[in-house]
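give me a model of this one.
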Amino acid sequence: MHKVDPARAARAHQAGFVAVIGKPNVGKSTLVNALVGDKIAIVSPKPQTTRRVIRGILTRADAQIIFVDTPGIAKLSANQRSLLNRTMVESALNVIDEVDLVVFLTDGSRLPDSADARIGKMLNEKCRAPVLLALNKMDLLKPADVQAVTEAHWALARYADWMRVSATRQTNLDKLLAQILARLPDGPELYPADQITDQTMQAMAAELIREQVLLRTRQEIPHSIAVAIENWEEPRADLTRIAATIFVERDTHKGILIGAGGAMLKQIGQTARAEIESWVGHQVYLELWVKVWEKWRERANRLRELGLGTDNAERGGG
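From the prediction side, this is the model:
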C-alpha cells in the first residue's frame, strides 16, 4: 500500500462522486453507512438487498464526498434473469462512467473467485476513473493468510491502490478516506451541508419496511417483495402518518407475510415504525397492507412505479 501524498491531501475544498462497486453481500451498504456516519442504506444477510443506486453524502470542512452505493454485480443464472435483476446490474454498471473514483469492495476474508475476476477485468476495460481496491472483512482473516489473500486480490486487475478494511468494525476507514481525498477533484459543495442522502423520507421509509421483511423471511419471499408508500401525512410537526403496501407475487406469500392472526405483519410494522421514527426524529403511525402483484419483477411499468427503473442510475447533483 502506497502512502498518500500530503501535498495532494492538503488542498482547497474538494467534492466528487465515489462509487462503491462489488459482488452481492460483500458489505457495500455497510461500508457506505459507516463512511457517511448514518444509516442511509438498509442492510440484511440476503443477496441483492440493495436494488437501486443510493447516494450517501459526507460533508466536512474541507470536502464533500458523495458515496454511490450500488446493487451487487453478479452473473445471473437462468432463474435469476428477471427484468428487476437485469435492471439492478445495469444500474450498477452505468454508475461507473459517472463518478470521479471507484472503490471496488471485495470479501478480503477469502481468496477471490471468478465473479471478483470478472468485475476487476470489467473495471480495467470500461472504467476511466481511478479504482481503489478495498478488501473488506479483514477481521475474519487469519494472520497467516493475509499475504496470500491480499496478493490474489491485487493480481486480478490494475488498481490505483489497495487497503484492508472492516466495514462492520470501522477499521481503517480513516485511511480509506485519506486515499479517496487524495484523488478527489477540487470543487464546491454539490449538496447542502446538512443533507446526508439524495433519498426522500418516503423512499427511505419504504426501504426500512422492506428491511424488516428481509430479516424475517426466507427462500423466495425476500426477493419477490416490494414496498410502496401510499399515503404520507404530517398533521403536526411531531407526527407522521404513513400508509404503505407490501407487494408480493403469490397469494401464498401474502399469507406468510400476514401470519397467523396478523402476527407477522404486526411484528414487521412495529419494528419498521421504530426504525422510521429514528430516521424522522418523531412519532410515526404506520399502517401496512399486503397486496399481490403477479410477476411484478418482469414488468417495466411496475418497476417504474416502484422507482426501480434504470433512470435511477443517472447521476444527480444537489
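
how many neighbouring residues does residue 59 have?
Residue 59: 19 surrounding residues under other C-beta atoms under 10 Å. Where you see a C-beta, it was placed from the backbone N, CA and C, and this is true even at glycine.

how close does it get to residue 173?
16 Å (C-beta to C-beta, to the nearest Å).

ditto for residue 140
Plainly put, residue 140 is 17 Å away from residue 173 if you go by C-beta to C-beta.

neighbour count winner among those two?
Neighbour count, other C-beta under 10 Å: between residue 140 and residue 173, residue 173 has more, with 17 against 12.

wait, what's in contact with the more buried one?
By C-beta atoms under 8 Å, 6 or more residues apart in numbering, residue 173 lies in contact with 31, 34-35, 165, 167.

and the helices in the stretch 1-150 of the chain?
6-9, 28-36, 83-95, 114-126, 146-154 (DSSP state H, counting those that start in this stretch).

could you identify which of the ones you listed is most buried?
helix 28-36 (a mean of 24; mean count of other C-beta atoms under 10 Å).

now the angle from that helix to helix 83-95?
40 degrees (axes from the mean of the first three to the mean of the last three C-alpha atoms, to 10 degrees).

packing partners of helix 28-36?
Helices and strands touching helix 28-36, by 3 or more C-beta pairs under 8 Å, 6 or more residues apart in numbering; DSSP states H and E, are strand 14-21, strand 54-59, strand 63-69, strand 101-107, helix 173-181.

give the rounded mean pLDDT of that helix.
Taken as a whole, helix 28-36 carries a mean pLDDT of 98.

and the contacts of that helix?
In contact with helix 28-36 (C-beta under 8 Å, 6+ apart) are residues 20-22, 39-43, 49-50, 54, 56-58, 65, 67, 69-70, 72, 103, 105, 134, 136, 165, 167-168, 170, 173, 176-177, 196-197.

redo that, cut-off 6 Å
Under the contact criterion C-beta atoms under 6 Å, 6 or more residues apart in numbering, helix 28-36 has outside partners 20, 22, 39, 41, 43, 50, 56, 58, 67, 69, 105, 167, 170, 173, 196.

do stretch 111-127 as well
With C-beta under 6 Å, 6+ apart as the criterion, stretch 111-127 contacts 23, 73, 96, 102, 106, 131, 149, 152-153, 156-158.

please redo it, this time with the cut-off set to 8 Å
Counting by C-beta under 8 Å, 6+ apart, 21-23, 73-75, 93, 96-97, 102, 104, 106, 131, 148-149, 152-153, 156-158 sit against stretch 111-127.

now stretch 84-91, how far from the chain's geometric center?
14 Å (C-alpha atoms, centre = their mean, to the nearest Å).

ok, stretch 236-246 next?
24 Å.

can I get it as CSV, trimmed to CA atoms?
The C-alpha coordinates for stretch 236-246 follow below in CSV (Å, rounded to 0.1, in the frame of the first residue of the first chain):
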residue,chain,number,x,y,z
ARG,A,236,-48.3,18.0,13.3
ALA,A,237,-44.7,18.8,13.4
ASP,A,238,-44.1,15.9,15.7
LEU,A,239,-46.3,13.3,14.0
THR,A,240,-46.2,11.5,10.6
ARG,A,241,-48.9,9.1,9.4
ILE,A,242,-47.8,6.6,6.8
ALA,A,243,-49.8,4.0,4.9
ALA,A,244,-47.7,1.5,2.9
THR,A,245,-48.3,-1.5,0.8
ILE,A,246,-46.1,-4.6,0.7
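
distance check, residue 218 against residue 44.
12 Å.

who has more neighbours, these two?
residue 44 (18 against 9).

which residues does that one contact?
211, 214-215, 222.

which one of these sits closest to residue 260?
residue 215 (18.9 Å; C-beta to C-beta).

name the SS class of the closest one, please.
Assigned with DSSP: H, G, I helix; E, B strand; the rest coil, residue 215 falls in the helix class.
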